[in-house]
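only geometry, no sequence info:
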């Protein structure tokens, strides 16, 4: 009787423990599934397919004095058709030429401009294929939308060994584009950098100053309590509300430009300010009072004790909290949608007041596009964003391990 | 001219420091003990005077918006040097430069901490004014109790109930996922896991917490939603491709780390003596957890859940990408519903005219959202504070 009772209790003990393990396993598996799924989707984007063609830069078509007007597109089309001398139908010829990306002609022009001596000679070029051809060669037959003839042409090129696969450096050096195979992240990454610069230069000094005041100087009164309640509440206000604030105050009231990294940075600075203040206060609080008391004891003023002794000791902790706050700002999307950083912008932004977009918003924009090829671009942009975020976190962990003192 | 003004301000600041410091040093010929304040404080005071006056002048000119572009740098340099010149004669052995400088620093520190209050005021006013404008056109009664939401159709109708139901439906799914998973994970981490396991699991949960929501939204829309749809079709169920279930599930996984880390802290702060007492009476670990630790930690866990609910209600990107746009009044998680945040985002993306009820309704929704989350957060934070005092 007792044995059975105890056995039952032990069984329920094991069950309970197993529930906990299963819950954790589900969370970890979800994370792994998420990462693997996105990495698999992203993989093709990092490798672009091109076809190597021999092209004679006919001086009749490419005028040395006026390279910008040269008909490089026609040269490429002819070279493509030359691969299939047996094809005579107009429509088929059009299909063959259509397999090339519209960016291939620009690539060839850039190549010729950098080496004008090659005009009149025959050169070997890797001409970029379009998004459908890329999808087909990556094995997505159904979603590529190519008909059987086009598939046949690509198979023939593949059989001749002309299809090349290169690391897609273009994905990092190009701005946004309507053509999936030509779109890149440079604009978004620059926009993110500019925005982050504004955020950092505002939120870090403000946050540390506020934390120093509240932790070291503030008298215990209603005013201080009000500030503290405010900070704690702001830390949990939905980010989209900060977007409404940015729209109503910065854009409508102060008349700052829409879509600009300046406004985005301001909004994100307000958004991460509570996080930085809370982390900095914890770091300041962790410095033992004996340090301050010793400084006061040898005649330092209160401010000297804080700024010369307490703050430097708390700095690693403050830095860790700041980096984590900035990582949050870097991944934030919703408030930036409100202030119009969601436009299609081809050019790389050059200043704080120019229209720009940021990495997470670029992800949102691409995920919304109908072209199948953009799915993989989106996943690849996510990988880039996650890598940046993880490196931020790694720096924070390193700082915490190596500089934070235990008292 | 802005760049020139900045350069002038910087030059004045540095010059003020050098002038003040040199003057103080020259007064005492190296024997600084006869000075009340160190020479560097005299320098700092002059520098901050110069900076403040020049910056103020520049600010005033830029606010007045004078067309004369030379005015800003001119005013900055004039006022800045005047301030330095005015403070300069006060430098003497008995001048309390440190005290003056420190009171300046204190004012700056107070101003910095007041930014939090300014932000709150800014949020309240920005949503309040537009909301009032909205309620002049649409009656609050219609907004709060109407069951039809169609801001873009003519005539537009602004019944908020479908959005509320959609938001609560997705939040419910999320909490049903995140509640048990987060709480059980926290219990396992706090009570069962070895130190080594903990040091692996905790960073993993932190990574999950750090995944941007736009990434989770992409995952929800492209992987989870089709998965649920195909599974549902296997059972002969009609599942919408933008079902509340998919958005709720992924949102739940987003909230797991939040609940687990908050609950973990709370469970750890339950005094060991309570557990030891329970073990001494012969209780097993799980009995101790269920009968002693969890009841003691209950207020904290409740507040963790409230914070989680507030996060789920305010979450935007996952629902924008994975939930629907059509405002269906439905309690079925397999259908497509829309949420408050989705409507705010879709109403305000693109060009807006601020005189139309359509745009203003987004601010009214923002106002409702802000109030919801504010109440939840406030109650949750109060509960945590009250609870912490018990064992300290």
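Arrived safely, thanks for sending. Computed from a prediction, not measured in an experiment: that's the story for all the values here. Numbers count the residues shown, from 1 in each chain, chains lettered A, B, ... in the order given.

What are the buried residues along the helix or strand harbouring residue A:378?
Using DSSP states H and E, residue A:378 falls within helix A:373-403. Using 16 or more other Cβ atoms under 10 Å in any protein chain shown as the test for burial, helix A:373-403 gives A:373-386, A:388-389, A:392-393, A:396, A:399-400. Quick note: C-beta positions are derived from backbone N, CA and C, even for glycine.

Please apply the same query to stretch B:88-98.
B:91, B:95, B:97, B:98.

between the residues you listed, which is nearest residue B:245?
Ranked by distance to residue B:245 (Cβ to Cβ), these are led by residue B:98 at 65.0 Å.

nearest spatial neighbour of residue 300, skipping sequence neighbours?
Going with chain A. Spatial nearest neighbour of residue A:300, excluding adjacent residues (Cβ to Cβ, 6 or more residues apart in numbering or on different chains): residue A:308 at 6.9 Å.

oops, I was thinking of chain B
residue B:266 (3.4 Å).

again, but for residue B:314
Using Cβ to Cβ, 6+ apart, the nearest residue to residue B:314 is residue A:238, at 2.5 Å.

Pop out the phi and psi values for the one you found.
phi -60, psi 140 (degrees, to the nearest 10).

average model confidence for stretch A:392-406?
Mean pLDDT, stretch A:392-406: 80.

who's in contact with the residue of the stretch 201-350 of chain A found nearest chain B?
For the stretch 201-350 of chain A and chain B, the shortest gap (Cβ to the nearest Cβ) falls at residue A:238, measuring 2.5 Å. With contacts defined as Cβ atoms under 8 Å, 6 or more residues apart in numbering or on different chains, residue A:238 is in contact with A:334, B:310, B:311, B:313, B:314, B:315, B:316, B:341, B:369, B:370, B:373.

hang on, the earlier thing: the residue nearest to residue B:300 contacts residue B:305, doesn't it?
No: look at residue B:266 against residue B:305 with Cβ atoms under 8 Å: they stay out of range, at 11.3 Å.

Have a look at chain A and report its longest helix.
As assigned by DSSP state H, the longest helix anywhere in chain A is helix A:2-42.

Following that helix in sequence, what is the next regular element?
Per DSSP H and E, helix A:2-42 leads on to strand A:47-56 as the next helix or strand towards the C-terminus.

Residues contacting the next helix or strand after that following strand, please?
Note on strand A:47-56: by DSSP H and E, the next helix or strand toward the C-terminus is helix A:72-82. Outside helix A:72-82, the residues that touch it by Cβ under 8 Å, 6+ apart are A:51, A:53-58, A:61-62, A:87, A:93, A:96-97, A:99-100, A:104-106, A:108-109, A:112, A:125, A:127.

distance between helix A:72-82 and the chain's centre?
Chain-centre distance of helix A:72-82: 36 Å, with Cα atoms, centre = their mean, to the nearest Å.

residues of that helix that come out buried?
Quick answer for helix A:72-82 (16+ other Cβ under 10 Å): A:72, A:73, A:75, A:76, A:77, A:79, A:80.

And for stretch A:103-113?
A:103, A:104, A:105, A:107, A:108, A:109, A:111, A:112.

Isn't residue A:244 up against residue B:364?
No: using Cβ under 8 Å, residue A:244 is not in contact with residue B:364, being 10.7 Å away.

So for those two, which residue has more residues nearby?
residue A:244 (28 against 25; other Cβ atoms under 10 Å in any protein chain shown).

nearest spatial neighbour of the more buried one, skipping sequence neighbours?
Using Cβ to Cβ, 6+ apart, the nearest residue to residue A:244 is residue B:366, at 4.6 Å.

per-residue pLDDT, the one you found?
Value for residue B:366, per-residue pLDDT: 91.

starting at the chain centroid, how far to the helix or strand harbouring it?
Assigned by DSSP H and E, residue B:366 falls within helix B:357-391. From the chain centre to the centre of helix B:357-391 is a distance of 12 Å (Cα atoms, centre = their mean).

Would you mind pulling up the elements that it packs against?
Applying 3 or more Cβ pairs under 8 Å, 6 or more residues apart in numbering or on different chains; DSSP states H and E, one finds that helix B:357-391 contacts helix A:222-234, helix A:239-245, helix B:97-137, strand B:157-158, helix B:294-314, helix B:340-348.

That one to helix A:222-234, inter-axis angle?
Helix B:357-391 and helix A:222-234 are oriented at 110 degrees to each other (axes from the mean of the first three to the mean of the last three Cα atoms, to 10 degrees).

which parts of helix B:357-391 are buried?
Judged by neighbour count using 16+ other Cβ under 10 Å, the buried positions of helix B:357-391 are B:357, B:359-370, B:372-374, B:376-378, B:380-381, B:383-384, B:387.

For PyMOL, write the selection for the buried entries among the contacts of helix A:72-82.
The PyMOL selection below is limited to those of those classed as buried (16+ other Cβ under 10 Å):
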select buried, chain A and resi 51+53+55+57+62+96+97+99+100+104+105+108+109+112+125+127
